[in-house]
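Student: I would like the atomic coordinates for the input below:
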Amino acid sequence: MSTESIARTRSRIVQSPERIKRTIITMSGTAIEDKRIVALHEGKARDLQAKVTALFNIEKVCPRPIY
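Tutor: Next up is the predicted model:
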């Protein structure tokens, strides 16, 4: 093996497997939380879109303001 080949192989070896494992666990937790937040926002967006649609439908039926 050449020195260059050895250097490339060493650069691929994980120096701190426990640190990498902790990082992966943290990233996994963050991804789960982010998915939960996105789901909440999507639900809120659907609710708001339903309200906007209802208001547009009311506006079609009663185009003049009601006082």
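
Student: Mind checking what helix or strand follows the least confident helix or strand in the chain by mean pLDDT in sequence?
Tutor: Counting by mean pLDDT, DSSP states H and E, the chain has its least confident helix or strand at helix 3-12, which shows a mean of 84. Sequence order places helix 17-61 as the next helix or strand after helix 3-12, per DSSP states H and E.

Student: Mind giving me the packing neighbours of that following helix?
Tutor: Helices and strands touching helix 17-61, as assessed by 3 or more Cβ pairs under 8 Å, 6 or more residues apart in numbering; DSSP states H and E, are absent. Heads up, the C-betas are built off the backbone N, CA and C, glycines and all.

Student: Show me how far it is from its chain's centre.
Tutor: In terms of Cα atoms, centre = their mean, to the nearest Å, the centre of helix 17-61 is found 7 Å from the chain centre.

Student: So what's the model's average confidence on that helix?
Tutor: Averaging pLDDT along helix 17-61 gives 95.

Student: still on that earlier bit, which secondary structure elements does the least confident helix or strand of the chain contact?
Tutor: So helix 3-12, by 3+ Cβ pairs under 8 Å, 6+ apart, packs with no helix or strand.

Student: In it, which of the residues would be classed as buried?
Tutor: Using 16 or more other Cβ atoms under 10 Å as the test for burial, helix 3-12 gives no buried residues.

Student: Keeping just the C-alphas, turn it into PDB.
Tutor: The C-alpha coordinates for helix 3-12 follow below in PDB (Å, rounded to 0.1, in the frame of the first residue of the first chain):
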ATOM      1  CA  THR A   3       1.300   6.300   1.700                       C
ATOM      2  CA  GLU A   4      -1.500   8.000  -0.100                       C
ATOM      3  CA  SER A   5      -3.700   4.900   0.000                       C
ATOM      4  CA  ILE A   6      -3.000   4.500   3.800                       C
ATOM      5  CA  ALA A   7      -3.900   8.200   4.400                       C
ATOM      6  CA  ARG A   8      -7.200   7.800   2.400                       C
ATOM      7  CA  THR A   9      -8.000   4.700   4.400                       C
ATOM      8  CA  ARG A  10      -7.200   6.400   7.800                       C
ATOM      9  CA  SER A  11      -9.400   9.400   6.900                       C
ATOM     10  CA  ARG A  12     -12.400   7.000   6.400                       C
END
